[in-house]
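*Asks:* the sequence and its predicted three-dimensional model are supplied below.
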2 protein chains.
Amino acid sequence: MTRDRLRSRFPGRIRDEVKEVALRQLAEHGPDALSINAIARELDVSGPALYRYFAGRDELLTALIIDAYGDLARALAQAAARGRGRSAETRLRALARAYRAWAVEQPHRYRLMFRPLLPGYDAHTSALVDAAQPAMSVVLDVLSDIPAEGRRSPTAPERELAGWIERRDIPTTAAPHALQAIVLWSRLHGLASLEIDGNYASIGIDPAPLYASEVATVLEQYRPAAGGSVTRPGPAAPR
Amino acid sequence: MTRDRLRSRFPGRIRDEVKEVALRQLAEHGPDALSINAIARELDVSGPALYRYFAGRDELLTALIIDAYGDLARALAQAAARGRGRSAETRLRALARAYRAWAVEQPHRYRLMFRPLLPGYDAHTSALVDAAQPAMSVVLDVLSDIPAEGRRSPTAPERELAGWIERRDIPTTAAPHALQAIVLWSRLHGLASLEIDGNYASIGIDPAPLYASEVATVLEQYRPAAGGSVTRPGPAAPR
DNA sequence: AGCTTTTGGTTATAACCTCTAACGTAAGTA
DNA sequence: TACTTACGTTAGAGGTTATAACCAAAAGCT
């Protein structure tokens, strides 16, 4: 037969084309339904042809995940940039809204990011954590605009984080806020992942205020004096 | 042939036996590796035999999920019961520790609970949300021990929740705390799911203080006056 | 131009999987 | 004892990933 080759049909962006089809199928038929064969069929090409472009299902998957992280980072950066003039608080709120919006608009991709695929904790795993970093950096950036005057002495997790900060290419001005960023991310992730699985819908509440509230308390908690001082991460968890 | 039948080998608990094998395989070879065939092989029985006891792979999966919810609820209830004398705060902290411990000790089961399987939002989905409720009730129970003196007027999400509370068999005394419970759960879920996927380990921090801290701020936030008053879920998210 | 090498596809095949169908035996019941 | 139901068997349809072997088209070189 030798029908039109992929190369001529999608010059220079075959991998992208494959990934697009993959995302479509993923959105329609669930996360476990991602099938190399089905993609090939839709591209009107026969089975193993795609193995010229992806080592296998897993590599395709991780490529999708990495893309997703990048895309999320871009969306967050945009949201942060839009509010450049305003206060860090409002920018942070915008960030949270953008995070939520991204997750809600493409839940399949969001789920993909946090789905562990291989039991093998090998090198490719580190590729994934690297991919996650830019998005985190956006959060850190916004947080580091908040003046850190009058800070109390760093807590244990904060000290642990300082070392990590240095080992990456992150500007060390962000260090005092790293823990905030992680807590915020954890909360947003908790909200988003519960929301896209319909847990808030099933009990009939609107999660939007929760996002706003979580941002507010993250700012509150790690502030110098205020009322949040009782609240500091105690002496290494009363195991 | 006619080797020993399952019935005679595991009288009265064939389904349980199958589920045990399933959990073992799930723990060892990842969540996608759960195979009816492989289970049958391990039980020294041939393929389709198991279809007498489970309608298919999906039913087995949902059975595992429901079991997991029940098991988690038991673990939480135990933790809550152990601290019966002490203050609600410490009981709540114990609850959080138990939640974390359960998730960390059996990550495969934890992941299972929050994994959406079928795109079909049918009746079996409601079976799953029903299964999740007992665990939530434990959290509500502990929270409702906290006196609600001097409460400010209920926020929008709280009002939304009140209706839901009435529709279930939950004692309405828990109503004022339902939002706290949901926020707490969301945070715990965020922490746990990030932890079991190794996100904290990869940046080298110990998540234990974070759990404690999140419990503390949940209590802080929804307290009458204090410093948390600025923190209330704003006017329905500035969309 | 012509020859050679690389590249991008093809089909065939192995080894899995889920699940249905058809069939026989073992066990319980009238 | 005869009948019926329950339980397990093999066979098979249709799906998957992934490898192997092969072939044609395009690109590079002289």
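*Replies:* Sure thing, it's come through.

*Asks:* how much space between the residue nearest the centre of chain A and DNA strand D?
*Replies:* By C-alpha atoms, centre = their mean, chain A has its centre lying nearest to A:Y69, at 5.3 Å. Going from A:Y69 to DNA strand D by C-beta to the nearest atom of the strand, to the nearest Å gives 22 Å. All C-beta spots, glycine's among them, are computed from the backbone N, C-alpha and C.

*Asks:* spell out the secondary structure type for that residue.
*Replies:* State at A:Y69, reduced to three classes by DSSP: H, G, I helix; E, B strand; the rest coil: helix.

*Asks:* now do the contacts for the residue nearest to it when sequence neighbours are not counted.
*Replies:* Distances taken as C-beta to C-beta, 6 or more residues apart in numbering or on different chains put A:A131 closest to A:Y69, at 4.2 Å, once the chain neighbours are dropped. Contacts for A:A131 (C-beta atoms under 8 Å, 6 or more residues apart in numbering or on different chains) come out as A:I65, A:I66, A:Y69, A:G70.

*Asks:* buried members of those into ChimeraX, please.
*Replies:* Buried residues among these (16 or more other C-beta atoms under 10 Å in any protein chain shown), as a ChimeraX selection:
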select /A:65,66,69
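
*Asks:* please produce a markdown table containing the contacts of A:A131, extended by pLDDT.
*Replies:* Listed next are the contacts of A:A131 as a markdown table, based on pLDDT from 0 to 100:
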| residue | pLDDT |
| --- | --- |
| A:I65 | 95 |
| A:I66 | 95 |
| A:Y69 | 96 |
| A:G70 | 97 |
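
*Asks:* still on that earlier bit, for the residue nearest to A:Y69, what is the enclosing helix or strand?
*Replies:* Taking DSSP states H and E as the criterion, the element that holds A:A131 is helix A:123-144.

*Asks:* what average pLDDT does that helix get?
*Replies:* The average pLDDT within helix A:123-144 is 86.

*Asks:* which positions in it come out as buried?
*Replies:* Within helix A:123-144, the residues that count as buried by 16+ other C-beta under 10 Å are A:125, A:128, A:131-132, A:135-144.

*Asks:* reformat those residues as CSV; add distance to B:S186.
*Replies:* Converted to CSV, those look like this (distance: C-beta to C-beta, whole Å):
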residue, distance to B:S186
A:T125, 26
A:L128, 24
A:A131, 25
A:A132, 20
A:A135, 20
A:M136, 20
A:S137, 24
A:V138, 22
A:V139, 18
A:L140, 22
A:D141, 25
A:V142, 22
A:L143, 21
A:S144, 26
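
*Asks:* tell me which residues are up against the lowest-mean-pLDDT helix or strand in chain A.
*Replies:* Ranked by mean pLDDT, DSSP states H and E, the weakest helix or strand in chain A is helix A:156-167, scoring a mean of 78. By C-beta under 8 Å, 6+ apart, the list of residues contacting helix A:156-167 from outside reads A:154, A:172, A:174-176, A:178-179, A:182, A:233, A:235-236, B:203-206, B:209-210.

*Asks:* go with 6 Å
*Replies:* For helix A:156-167, contacts defined as C-beta atoms under 6 Å, 6 or more residues apart in numbering or on different chains pick out A:A175, A:A178, A:L179, A:A236, B:I203, B:G204, B:I205, B:P209.

*Asks:* now that helix against helix A:123-144, angle please.
*Replies:* Compare the direction of helix A:156-167 with that of helix A:123-144 by axes from the mean of the first three to the mean of the last three C-alpha atoms, to 10 degrees and you get 110 degrees.

*Asks:* of all the contacts of A:A131, which two lie farthest apart?
*Replies:* Taking C-beta to C-beta as the measure, those span a maximum distance of 9.8 Å, between A:I65 and A:G70.

*Asks:* just the helices from chain A, written as ranges.
*Replies:* Secondary structure of chain A (DSSP state H): helices at A:6-9, A:14-29, A:36-42, A:57-82, A:88-105, A:107-113, A:123-144, A:156-167, A:178-196, A:199-203, A:208-221.

*Asks:* looking at those, which one has the lowest mean pLDDT?
*Replies:* When the helices of chain A are compared by mean pLDDT, helix A:156-167 comes last with a mean of 78.

*Asks:* list the buried residues of that helix.
*Replies:* A:A156, A:P157, A:E158, A:E160, A:L161, A:A162, A:I165.

*Asks:* and A:V104, how far from A:D206?
*Replies:* Separation of A:V104 from A:D206 (C-beta to C-beta, to the nearest Å) stands at 12 Å.

*Asks:* kindly report the same for A:P134.
*Replies:* For A:P134, the distance to A:D206 (C-beta to C-beta) stands at 30 Å.

*Asks:* check A:Q180 too.
*Replies:* Distance of A:Q180 to A:D206, given as C-beta to C-beta: 25 Å.

*Asks:* try A:A98
*Replies:* 18 Å.

*Asks:* the two: which is more packed in?
*Replies:* A:A98 (19 against 15; other C-beta atoms under 10 Å in any protein chain shown).

*Asks:* show me the contacts for the more buried one.
*Replies:* A:A75, A:L76, A:A79.

*Asks:* out of those, which is nearest to B:P48?
*Replies:* A:A75 (47.5 Å).

*Asks:* isn't the closest one up against A:R100?
*Replies:* No. Applying C-beta atoms under 6 Å as the test, A:A75 and A:R100 come out as separate, 10.7 Å apart.

*Asks:* the more surrounded of those two?
*Replies:* The neighbour count for A:A75 versus A:R100, taken as other C-beta under 10 Å, is higher for A:R100 (21 against 18).
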